[in-house]
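Student: Generate coordinates for the sequence data below:
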Amino acid sequence: EGPVLGHEYSVFGGGWCVGIDGCDAVHDDDGPAPTVALEVQGDVFIDGEVPDPDRRVLAVDEDGSIVLEQEPHGSGRRDPGTTDGGEPSDRLRTYPFVRRRRVLPHGDERTRLERVYSRRVVARRSMAKIHGGQVIARALRAEGVDTVFMLTGGHVLPIIDGCVAEGIGVIDVRHEQAAAHAADAYARLTGKLGVAIVTAGPGVTDALTGVANAFFANTPMLLIGGRHLTKENLKGGLQEMDHPKLFSSITVWSDTAYDAGRFPEYIAMAARHAFSGRGGPVFLDVPWDISADMVEETAIAWPEHYRANRPAGVPDDTLGEITELLTRAQNPVVFGGTGLRWTQQPDAPAALDAFATALRAPVFLNSLARGSLPYDHPYLGNRSRGDALRGADVVLSLGVDWDFRTGYGKKMNPDATVIHIDADPTKVGWNR
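Tutor: Purely as a prediction, here's the structure:
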């Protein structure tokens, strides 16, 4: 891990030291030098000697000086910062720092390690700021995202930098379409929001096929695209393009974020749409200069509980009617489709297993619902779906698309009662 702002380190020559109350340090020929990380830039921190270990570091000035408190709390010592050693001065004392240290990872050739314990020193900027890319990354991490897929481009460098700073895994690919497909697969396998990050112009257009594929699979996936500088809008800026219009027909939501302080709101909004109903891909356009903007951390609002985490219910009388139909059925069939994969029902596969066993009805699974029951389940149907649907008197449809794969709903007993349950109301009664 890299250095932490405000923590003290014992640095051995060009070696490294990382820790809070202690650190693993590579022991070089030089002796340890007490330093405090005052500014962190990736794996590099600018440090300064601790001039007075008993004093708390209050702030880091823009001119590169640290500000110490006048006197340790409860101490009667005289102020060493005054010229005459007299009573504490009325002003804070500043000390310059100029050195830059590079934090290196452990190497196999490093054999001698020594545990060094050091004090904790609190050092914060008087008004801490982070750039917009890190705001986005922190919002993604709050959503539960631990991995993103991307192809580097200048327009999205702040976002990639933010992901690294926030500990999100960054997987680089060789074509943006691959990034989109990987984010789609990540969401299908984990149930989390899949995220792909691509640069402006051709980077965004290269991802279209992957997003379209996710749209027809109802995959909750977020594509973040870089965008030209706002000051160059309508002036022919680098890779200038109105990206959201490209995605209007293959996403459930798309927009452009023009305020770095509101990035968490945009990420929350995107996730809410991505998981609403059956779910689907969303697109967020982020101008280069906005993602590079510095934002006061205390001024950022971080949404919580911003999307549904429980399935929609049905009235008791409707549930009773469904139960009666299934109980009286002579040849019931349960048919699960893509919508079943994206249900918010807790532990849906176990619930489906218990339901099928209790009903003793054949269960057929289509599209992304495959795998909801184990292959050797006694009621899992295989290669007989057409015959079962043609002979059924009641069909319980769980998130099924009645499209070309099902004969547009015509390959079943025309007299059967179909109970259609779906998170997307527009799918209920479709092709029926």
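Student: Not counting sequence-adjacent ones, nearest residue to K192?
Tutor: Once flanking residues are discounted, K192 sits nearest to G144: 5.2 Å by CB to CB, 6 or more residues apart in numbering. C-betas here are computed from N, CA, C, even on glycine.
Student: Could you check how far that neighbour is from I136?
Tutor: 15 Å (CB to CB, to the nearest Å).
Student: When those two are compared, which one has more neighbours?
Tutor: The neighbour count for G144 versus I136, taken as other CB atoms under 10 Å, is higher for I136 (28 against 11).
Student: Over to that one. Which of the three states is it?
Tutor: Assigned with DSSP: H, G, I helix; E, B strand; the rest coil, I136 falls in the helix class.
Student: distance of it from D285?
Tutor: On the measure of CB to CB, I136 and D285 end up 12 Å apart.
Student: Now do stretch 236-255: distance from first to last residue.
Tutor: In stretch 236-255, first residue to last residue: 21 Å (CA to CA, to the nearest Å).
Student: Report the buried residues of that stretch.
Tutor: Of all the residues in stretch 236-255, those buried under the rule 16 or more other CB atoms under 10 Å are 237, 239, 241, 243-244, 246-247, 250-255.
Student: Dump stretch 418-432 to PDB, keeping only the CA atoms.
Tutor: This file holds the C-alpha atoms of stretch 418-432, laid out as PDB (Å, rounded to 0.1, in the frame of the first residue of the first chain):
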ATOM      1  CA  VAL A 418     -50.400 -17.900 -17.600                       C
ATOM      2  CA  ILE A 419     -49.300 -16.300 -14.400                       C
ATOM      3  CA  HIS A 420     -46.800 -13.700 -15.500                       C
ATOM      4  CA  ILE A 421     -44.500 -12.200 -12.800                       C
ATOM      5  CA  ASP A 422     -41.900  -9.700 -13.800                       C
ATOM      6  CA  ALA A 423     -40.100  -6.700 -12.300                       C
ATOM      7  CA  ASP A 424     -40.700  -4.800 -15.600                       C
ATOM      8  CA  PRO A 425     -44.400  -4.000 -16.000                       C
ATOM      9  CA  THR A 426     -44.000  -3.600 -19.800                       C
ATOM     10  CA  LYS A 427     -43.100  -7.300 -20.000                       C
ATOM     11  CA  VAL A 428     -46.300  -8.500 -18.500                       C
ATOM     12  CA  GLY A 429     -48.700  -9.600 -21.300                       C
ATOM     13  CA  TRP A 430     -46.000  -9.000 -24.000                       C
ATOM     14  CA  ASN A 431     -46.800 -11.300 -27.000                       C
ATOM     15  CA  ARG A 432     -49.700 -12.900 -25.100                       C
END
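Student: Helices of the stretch 151-300 of the chain, residue ranges please.
Tutor: 157-165, 176-190, 202-206, 208-216, 263-275, 288-292 (DSSP state H, counting those that start in this stretch).
Student: Give me the neighbour count for A268.
Tutor: Using other CB under 10 Å, A268 has 21 neighbouring residues.
Student: Throw the helices of the stretch 151-300 of the chain into JSON lines and include distance to A301 and mean pLDDT, thanks.
Tutor: What follows is the helices of the stretch 151-300 of the chain, written out as JSON lines (distance: least, CB to CB, whole Å; pLDDT from 0 to 100):
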{"stretch": "helix 157-165", "distance to A301": "18", "mean pLDDT": "94"}
{"stretch": "helix 176-190", "distance to A301": "26", "mean pLDDT": "96"}
{"stretch": "helix 202-206", "distance to A301": "28", "mean pLDDT": "96"}
{"stretch": "helix 208-216", "distance to A301": "29", "mean pLDDT": "96"}
{"stretch": "helix 263-275", "distance to A301": "7", "mean pLDDT": "92"}
{"stretch": "helix 288-292", "distance to A301": "17", "mean pLDDT": "93"}
